[in-house]
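Participant: I need the structure of the sequence given here:
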Amino acid sequence: MTTLSPQPDLPTPVLMRRAIADDWTRLERLWLIFRHEMSAYSHALPDPDGTYRRERLLNGVRDPAWAAWILTAGDHPCGFALARALDQPVHVLNSFFVVAPARRHGLGLQFAGAVVTANPGRWAVAFQDTNTVAARFWPKLAASFSSNWTQEHRPVPGRPDLPPDTWVTFATERSP
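Facilitator: Numbers count the residues shown, from 1 in each chain. So this is what the prediction gives:
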C-alpha cells in the first residue's frame with residue numbers, strides 16, 4: 001500500500017495498492033466508466049448486456065503475469081491500473097484510469113509512477129494520438145523517469161482498420 005499526496009477536495013487518505021478479490025466489484029464498475037470514456041477513441045459499442053469486453057480486467061486479477069492496482073480516496077474507489085508482461089523484459093501498462101473528480105492535480109502521475117516503480121525495469125504504454133490528454137500524460141511520465149525514453153507508432157495487431165497506436169517506452173531509472 002502506498003500513500004499518495006492528498007488532493008484538493010478528495011477524502012483522505014489517498015492510497016494505491018494491489019487489488020484483492022474483495023475489490024472485484026469496484027474494479028468492474030470503474031472498468032465500465034473507463035471503457036465508456038475510451039469508446040470515444042476505439043468506437044467500441046457496449047455488448048448486448050450493456051457491459052464492455054473485460055478480458056484484460058479478468059487477466060489483471062487472475063493471470064500471474066498481470067497485476068491490478070486500485071486507487072482510493074478515503075473509502076471511495078477512484079482509479080485502477082492494469083499491467084501485463086510482468087514476467088517479460090518490458091512490462092506493459094495496459095489500462096489506466098482515474099475518475100474525473102480526481103484528475104488535474106497530479107494524482108494520475110503519482111499513481112502511474114507508483115505502479116511502475118512497484119515493478120522496476122522497462123515499461124511501455126500505448127495510447128491513441130487523438131486522445132490528447134494521454135498524448136501529454138504518458139510522455140510526461142516517461143520523462144520523469146528517464147531522458148532516454150522513446151515514442152513510436154505501431155499498427156494495432158489484427159486491426160488494420162484502426163490508426164496505429166503510439167507507444168511510449170521508458171525505464172524506471174529514478175523516482176518521479
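Participant: Now do residue 20: how many residues are near it, please.
Facilitator: 10 (other C-beta atoms under 10 Å). Placement of C-beta: from N, CA and C, glycine included.
Participant: how far away is it from residue 26?
Facilitator: Separation of residue 20 from residue 26 (C-beta to C-beta, to the nearest Å): 11 Å.
Participant: and if you look at residue 70?
Facilitator: 7 Å.
Participant: Comparing these two, which residue is more hemmed in?
Facilitator: residue 70 (20 against 16).
Participant: distance of that one from residue 160?
Facilitator: For residue 70 relative to residue 160 (C-beta to C-beta), the value is 35 Å.
Participant: Can you show me the CA trace of stretch 114-134 as PDB?
Facilitator: In PDB, the C-alpha atoms belonging to stretch 114-134 read as follows (Å, rounded to 0.1, in the frame of the first residue of the first chain):
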ATOM      1  CA  ALA A 114       3.900   4.200  -8.100                       C
ATOM      2  CA  VAL A 115       2.600   1.400 -10.300                       C
ATOM      3  CA  VAL A 116       5.800   1.400 -12.500                       C
ATOM      4  CA  THR A 117       8.200   1.700  -9.500                       C
ATOM      5  CA  ALA A 118       6.400  -1.300  -7.900                       C
ATOM      6  CA  ASN A 119       7.900  -3.400 -10.700                       C
ATOM      7  CA  PRO A 120      11.200  -1.700 -11.700                       C
ATOM      8  CA  GLY A 121      12.500  -2.200 -15.200                       C
ATOM      9  CA  ARG A 122      11.500  -1.200 -18.700                       C
ATOM     10  CA  TRP A 123       7.900  -0.200 -19.300                       C
ATOM     11  CA  ALA A 124       5.700   0.500 -22.400                       C
ATOM     12  CA  VAL A 125       2.300   2.100 -22.700                       C
ATOM     13  CA  ALA A 126       0.100   2.600 -25.700                       C
ATOM     14  CA  PHE A 127      -2.400   5.300 -26.500                       C
ATOM     15  CA  GLN A 128      -4.100   6.900 -29.400                       C
ATOM     16  CA  ASP A 129      -2.900  10.300 -30.700                       C
ATOM     17  CA  THR A 130      -6.500  11.500 -30.800                       C
ATOM     18  CA  ASN A 131      -6.600  11.200 -27.000                       C
ATOM     19  CA  THR A 132      -4.800  14.500 -26.400                       C
ATOM     20  CA  VAL A 133      -4.800  14.100 -22.600                       C
ATOM     21  CA  ALA A 134      -3.000  10.700 -22.900                       C
END
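Participant: okay, now the residue nearest to residue 26 when sequence neighbours are not counted: neighbour count?
Facilitator: Spatial nearest neighbour of residue 26, chain neighbours left out: residue 77 (4.1 Å); criterion: C-beta to C-beta, 6 or more residues apart in numbering. Residue 77 has 17 neighbouring residues, counting by other C-beta under 10 Å.
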